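In: kindly return the folded structure for what I paste below:
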Amino acid sequence: MSIYSGIYNLGIGGGAMVGGKVIDNLGIKYIGMVGGAICLVGDIFVLFYLIPRFKKVPEQATQA
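Out: Here you go, the predicted model:
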């Protein structure tokens, strides 16, 4: 349980850090755009890396 708490707090701290950098360098009106860009990168990762790995069927399962 402490690992999940640490990951959660890391996400909060990382988001605050990225948000602060965006506001300092670009302005507050770009917060949504940067957040959307981060989500888009995550979506592309899932689409091209994780989904094909989940679709692979182990050979042992096909021989049953």
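In: can you tell me how far Phe54 sits from Leu47?
Out: Distance, Phe54 to Leu47, by CB to CB, to the nearest Å: 12 Å. From N, CA and C alone the C-beta is placed, and that goes for glycine too.
In: most centrally placed residue in the chain?
Out: Gly42 (4.6 Å; CA atoms, centre = their mean).
In: give me the phi and psi for that one.
Out: Per-residue torsions, Gly42: phi -60, psi -40 (degrees, to the nearest 10).
In: any idea of the pLDDT on it?
Out: At Gly42, the pLDDT value in this model is 94.
In: contacts for the helix or strand hosting Gly11?
Out: Using DSSP states H and E, Gly11 maps to helix 2-25. Applying CB atoms under 8 Å, 6 or more residues apart in numbering, the contact partners of helix 2-25 are 30-31, 34, 38.
In: list the buried ones in that helix?
Out: For helix 2-25, the neighbour count (16 or more other CB atoms under 10 Å) marks Val22 as buried.
In: looking at the protein, which helix or strand is least sure?
Out: The weakest-scoring helix or strand in the chain, judged by mean pLDDT, DSSP states H and E, is helix 59-62 (a mean of 62).
In: could you check how far Leu40 is from Val34?
Out: When CB to CB is the yardstick, Leu40 and Val34 sit 11 Å from each other.
In: neighbour count: these two, which is higher?
Out: Using other CB atoms under 10 Å as the criterion, Leu40 and Val34 rank with Val34 on top: 15 against 10.
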